[in-house]
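Asks: coords below, sequence missing:
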């Protein structure tokens, strides 16, 4: 796998960690009835795009907690802003107007295997 794509996959795993912390706060707010079940929360795009000339992706995706949990149900799944898919390392599993859920291709799976929820890949 090309170094650039390996770096991108690792970046995605780092952003996943940040989104996990965001989800914890959002879930706590929802449990305290600060947000309805259908409330959409802001998460960071997990595309991992970042090269030496450009800064990291700053796009946001809006999801309910249930939608975010669907992403985290597999360790090789990530949520990206529409159009931020990278066909070389992933394929589109679910696409909506607000977000795209991608699954890593087998060559990229070992690079993102440190899922904080210990979810299996399928």
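Replies: Yep, it's here. Not measured: the values here are computed from a predicted model.
Asks: all helices for this structure, in order.
Replies: 3-31, 65-71 (DSSP state H).
Asks: could I get those helices as a markdown table with mean pLDDT?
Replies: Converted to a markdown table, the helices of the chain look like this (pLDDT from 0 to 100):
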| stretch | mean pLDDT |
| --- | --- |
| helix 3-31 | 84 |
| helix 65-71 | 89 |
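Asks: present those as a markdown table; the columns should include mean neighbour count and distance to residue 86.
Replies: No exception for glycine: its C-beta is placed from N, CA and C like everyone else's. Shown next, in a markdown table, are these (neighbours: other CB atoms under 10 Å; distance: least, CB to CB, whole Å):
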| stretch | mean neighbour count | distance to residue 86 |
| --- | --- | --- |
| helix 3-31 | 16 | 6 |
| helix 65-71 | 18 | 16 |
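Asks: what about stretch 101-115, distance to the chain center?
Replies: Centre-to-centre, stretch 101-115 and its host chain are 11 Å apart (CA atoms, centre = their mean, to the nearest Å).
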